[in-house]
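Novice: Sequence and predicted model, in that order:
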Amino acid sequence: MQTKTGLCTILAVIIMLLFHSPRPAVAVPEISGEAAALIDGRNGQFLYEKNPYQQMYPASTTKILTAVIALENSKLNDMVTITAEACNVEGSALGLLEGEKMSLEDLLYALMLNSGNDAAVAIAVHVAGSVEKFADLMNEKAAEVGAVNSHFINPNGLPDPNHYSTAHDMALISYYAMQNPEFRKIVATKIRTIDRGDPMAQTYLENHNRLLWNYEGAVGIKNGYTEIARQCLVSAANRNGRELVAVVLKTEGANIWTDSQTLLDYGFNDYNNICLTEAGKFVGEVPVRYGLDESVPVQTGCSLNYNFPTDNPADFRPEVKLAANVNAPVKAGTKLGELVFFEGDRELGRVDLIAQKQVDRKLLVQICPWLIAAPVLALLLVIVRVHNNARRRRWKRYKQKYYLSQNNQSLR
């Protein structure tokens, strides 16, 4: 009996040690690529970076930006006439013919699945009139999404000293592009057949991104290669309601696939995605002056999630920042503050606090200005009238004196 009791005690101690001993720290993934980044596809939080701001040649991952600009500035059913400029582009190509007509939609699939450099030029000329003007659109959009350390001079990523980006910037551009439903549809497509007038022309397209076949939850987005850029890949995957986007630049051979899978695995396995707040959550009341109600309830305008390492418990605190001196009327949905989350002194994110309902202005308050203004206006009118009457009397006396003096002179 004593032996059994001793064994049970030892077993209990072992179990306690297993569950209560400190967990090993999460291992940072080793990536062979020269630069890399991992970003949450839902909230834009960076989970991993390697040489994030080092200027790199992006190769055909450039076409991510090309596609999203085309989608935002043209229509899928636009018919594009292929120019001579698009037919003489080096590298991977669809074999476009001068004068050939194709829909913008088919050209976008050729761009993202087949990585057609000629399709990129055809799209650029159609959207902006020239490659140079399209590059201006690319640089404007890059700056708009925060990719401020990039510069693009062509739509396909062919090497040029003035055509560069960074792992950080490519993650931001890709995060932005994946918010576009049509873009998501294109880059998740494995195989596509397009329409072309020439029956001998290439119509079968197969996506070059192997992760679509080999990685659970993969949903895109684009790989690339040139001799100077080496292997590059931007990949995205969904698991359990989460989405991650990984960027790997300048690696060799099959490392492009293993690097990308390692990054995605790291994000899914070594981070917990915690909901800091849900949309529509009541937060408090904001005082309203001159309103039918003395205050208006405010709620969170959207939800906010944040990724915490699995070896560290989620430790955050919210701070409510409400607007002051709010006057009626207040429309429902008006921003009246922010809910800000911190981990220590570091800000994790913020959401708008919006009015839950409309608050109208009190009728007396609406009428009161007029009650004050009416006597003032009446007084002003009286003053103006008295002033005008006085002027008329002075003018009348002046004329009488003038005519009298004239008559006296004539009598002399």
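Specialist: That came through fine.

Novice: From here on, just use CA atoms for contacts and neighbour counts.
Specialist: Noted.

Novice: Could you tell me how many residues sit around Ala188?
Specialist: Using other CA atoms under 10 Å, Ala188 has 20 other residues around it.

Novice: Tell me who's in contact with it.
Specialist: Leu212, Ala218, Val219, Gly220, Ile221 (CA atoms under 8 Å, 6 or more residues apart in numbering).

Novice: if we go to 7 Å?
Specialist: Neighbouring residues of Ala188 by CA atoms under 7 Å, 6 or more residues apart in numbering: Val219, Gly220, Ile221.

Novice: Wasn't the last one part of a helix?
Specialist: Think Ile221. No - assessed with DSSP: H, G, I helix; E, B strand; the rest coil, Ile221 is strand; it does not lie in a helix.

Novice: I figured it hits Leu233, correct?
Specialist: No - between Ile221 and Leu233 there is no contact under CA atoms under 7 Å: 8.1 Å.

Novice: which one of these two has more residues nearby?
Specialist: Using other CA under 10 Å, the more surrounded residue of Ile221 and Leu233 is Ile221, with 30 against 27.

Novice: What separation do you get for that one and Asp311?
Specialist: As for Ile221, its distance to Asp311 is 30 Å (criterion: CA to CA, to the nearest Å).

Novice: And the spatially most central residue of the chain, its phi and psi?
Specialist: Nearest residue to the geometric centre of the chain (CA atoms, centre = their mean): Tyr176, 5.0 Å. Here is the backbone geometry of Tyr176 (degrees, to the nearest 10): phi -60, psi -50.

Novice: what's the closest non-adjacent residue to it?
Specialist: Of all residues not flanking Tyr176 in the chain, Val145 sits nearest, at 7.1 Å (CA to CA, 6 or more residues apart in numbering).

Novice: next one: Gly224
Specialist: Per CA to CA, 6+ apart, closest to Gly224 is Ser60, 4.3 Å.

Novice: For that neighbour, which three-state class applies?
Specialist: Criterion first, three-state DSSP; result for Ser60: helix.

Novice: got it, and Ala378?
Specialist: Quick answer, by three-state DSSP: Ala378 is helix.

Novice: what's it in contact with, if anything?
Specialist: So Ala378 contacts nothing (CA under 7 Å, 6+ apart).

Novice: on that earlier part again, as JSON lines, the contacts of Ala188 with pLDDT and distance to Asp169 would be great.
Specialist: Output for these, formatted as JSON lines (pLDDT from 0 to 100; distance: CA to CA, whole Å):
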{"residue": "Val219", "pLDDT": "98", "distance to Asp169": "20"}
{"residue": "Gly220", "pLDDT": "95", "distance to Asp169": "18"}
{"residue": "Ile221", "pLDDT": "97", "distance to Asp169": "15"}
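
Novice: closest to Ala167 among those residues?
Specialist: Ile221 (14.7 Å; CA to CA).

Novice: who's in contact with that closest one?
Specialist: Val187, Ala188, Val234, Ser235, Ala236 are the contacts of Ile221 under CA under 7 Å, 6+ apart.

Novice: Please repeat the previous calculation with a cut-off of 10 Å.
Specialist: Shown in contact with Ile221 (CA atoms under 10 Å, 6 or more residues apart in numbering): 61, 64, 112-113, 174, 177-178, 183-184, 186-189, 207-209, 211-212, 233-237, 245-246.

Novice: what's the answer for Ala142, then?
Specialist: 65, 136, 148-152, 165, 169-170, 172-173, 176 are the contacts of Ala142 under CA under 10 Å, 6+ apart.

Novice: ok, so what distance separates the closest residue to Ser103 other than its chain neighbours from Ala67?
Specialist: Using CA to CA, 6+ apart and skipping the chain neighbours, the partner closest in space to Ser103 is Met79 (4.5 Å). Met79 is 16 Å from Ala67, where distance means CA to CA.

Novice: Which one of these two is surrounded by more residues?
Specialist: Ala67 (24 against 16).

Novice: and whichever strand or helix holds that one, which residues are buried?
Specialist: For Ala67, the host element (DSSP states H and E) is helix 63-73. Residues of helix 63-73 classed as buried by neighbour count (16 or more other CA atoms under 10 Å): Lys63, Ile64, Leu65, Thr66, Ala67, Val68, Ile69, Ala70, Leu71.

Novice: so what secondary structure elements neighbour the very next helix or strand once past that helix?
Specialist: Following helix 63-73 in sequence order, the next helix or strand is strand 79-81 (DSSP H and E). On a contact count with 3 or more CA pairs under 10 Å, 6 or more residues apart in numbering; DSSP states H and E, strand 79-81 meets strand 101-103, helix 104-112, helix 117-128.

Novice: Now do the contacts for Val384.
Specialist: Ala378, Ala390.

Novice: mean confidence for the helix or strand in which it is found?
Specialist: Using DSSP H and E, Val384 sits in helix 363-411. In this model, helix 363-411 has an average pLDDT of 70.
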